[in-house]
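Asks: Return a 3D structure for these sequence lines:
(chains A and B)
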Amino acid sequence: MRVSVNGEIREFKAETLTIDKILEILGYKTGIAVALNETFIVKTKYRDTIVKDGDRLDILSPIQGG
Amino acid sequence: MKKWQIEGREFNSRLMIGSALYPSPEIMAQSIKASGSEIVTVALRRQSALSLKDGNSFWDIIRELSVTVLPNTAGCHTAKEAVTTAMMAREIFEVDWIKLEVIGNQYNLQPDPFELVKATKTLIDEGFRVLPYMTDDLVLAQKLADLGCTTLMPWGSPIGSGRGLMNPYSLKSIRKQFPDLNLIVDAGIGKPSDAIEAMELGFDGVLLNSAVALAQDPIKMAEAFKHAIIAGRLGFEAGAMEKRDMASPSTPTVGTPFWHQF
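Replies: Residues are numbered from 1 along each chain as shown, chains lettered A, B, ... in the order given. From the prediction side, this is the model:
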């Protein structure tokens, strides 16, 4: 499947994956928050939320702000 | 100075400071310390796993400062984007307040009042304490207050412009109409005297970033703003004298010697 991760198309071998699994494959650890198709996904739902072909994932972390 | 309260939290300093645009992370940390500010604004952005491989150095520095963070929704252009960003911020920063920014115009980064109201309603329903970054519009202020905002953050002038208070009359009107709300001038402050002016108008605080970060000596400027905020607040509390059209001698005239006898 092809998923947009932070605006870049990434290919995964599986047809679907949970958010948990995708974060593990990509190498993310802590200090992030995730939105799937522009909807916030609470951390406790990573294990149950399925990502499929064509989905858009945004993975955000703290930066400087005014 | 007396402590003050905003959104159920108590602070000594009435200065809120941003964490962006400093020449280096070290200067940012020293500037924040020098400003005496206890509230620091932060943001969220997409970041690659590679860039976070060794943790998030920016976030580590902020945590070491032991300040209260105020996340923003900078860069959002719709209520939906802002709501999603606010929810992500609440999870990461573990705070229930948000500086709500929904930009409506790229030229002057003016907040979009319609999307702002929409996002405010959703976020308050979701249990957030919303601090809306807004234009200095009295009707908008009323709408946001009606939704339950207890803090309003009208702009002094466009973000990063350093133009000071463009419209003191509007800010004064908002202050008069909402004596019980916390009012913060957010954006546009360029010099310490701008901050003093905002505080003398009776505003409860000032939020700024570029004025310190882009100063030639950010650490010294941060200290200048610390004193400006105190001076402005004390000046407001003390109550300034009325302006007069005519001069009036400050030295007593009774007993004036010699020739100037009128």
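
Asks: contacts and neighbour counts: CA atoms only from here.
Replies: Will do.

Asks: Can stretch B:28-38 be said to contact chain A?
Replies: No. On the criterion C-alpha under 8 Å from any C-alpha of the partner chain, stretch B:28-38 is out of touch with chain A, staying 9.8 Å away.

Asks: Kindly export that stretch (C-alpha atoms) in PDB.
Replies: Taking C-alpha atoms only, stretch B:28-38 is exported to PDB below (Å, rounded to 0.1, in the frame of the first residue of the first chain):
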ATOM      1  CA  MET B  28      16.800  31.100  23.400                       C
ATOM      2  CA  ALA B  29      17.100  29.500  26.800                       C
ATOM      3  CA  GLN B  30      19.100  32.500  28.300                       C
ATOM      4  CA  SER B  31      16.600  35.000  26.800                       C
ATOM      5  CA  ILE B  32      13.600  33.100  28.300                       C
ATOM      6  CA  LYS B  33      15.400  33.100  31.700                       C
ATOM      7  CA  ALA B  34      16.300  36.800  31.400                       C
ATOM      8  CA  SER B  35      12.700  37.700  30.500                       C
ATOM      9  CA  GLY B  36      11.400  36.300  33.800                       C
ATOM     10  CA  SER B  37       8.600  34.800  31.800                       C
ATOM     11  CA  GLU B  38       6.900  31.700  33.100                       C
END
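
Asks: and it, average pLDDT?
Replies: Across stretch B:28-38, pLDDT averages out at 98.

Asks: Can you name the residues of chain A sitting close to chain B?
Replies: A:6, A:26-28, A:31-35, A:38-40, A:42, A:58-66.

Asks: And stretch A:20-29, how far out from the chain middle?
Replies: For stretch A:20-29, the separation from the chain centroid amounts to 8 Å (computed by C-alpha atoms, centre = their mean, to the nearest Å).

Asks: can you tell me which of the residues of chain A next to chain B are in helices?
Replies: residue A:26 (DSSP state H).

Asks: Would you mind finding the longest strand in the chain?
Replies: Let's take chain A. For chain A, the longest strand by residue count, based on DSSP state E, is strand A:56-64.

Asks: that answer is for a different chain, and I need it for chain B
Replies: Longest strand in chain B, counting residues (DSSP E): strand B:39-46.

Asks: Quick check: the gap between the nearest residue to residue B:165 once chain neighbours are set aside and chain A.
Replies: Nearest residue to residue B:165, sequence neighbours excluded (C-alpha to C-alpha, 6 or more residues apart in numbering or on different chains): residue B:156, at 4.4 Å. As for residue B:156, its distance to chain A is 14 Å (criterion: C-alpha to the nearest C-alpha, to the nearest Å).

Asks: follow-up on the earlier one: which other helices and strands does the longest strand of chain B contact?
Replies: Here strand B:39-46 touches strand A:56-64, strand B:15-18, strand B:68-71, helix B:79-93, going by 3 or more C-alpha pairs under 8 Å, 6 or more residues apart in numbering or on different chains; DSSP states H and E.

Asks: mind redoing it with 10 Å?
Replies: Using 3 or more C-alpha pairs under 10 Å, 6 or more residues apart in numbering or on different chains; DSSP states H and E as the contact test, the elements touching strand B:39-46 are strand A:33-36, strand A:56-64, strand B:15-18, helix B:57-64, strand B:68-71, helix B:79-93, strand B:97-100, strand B:205-208.
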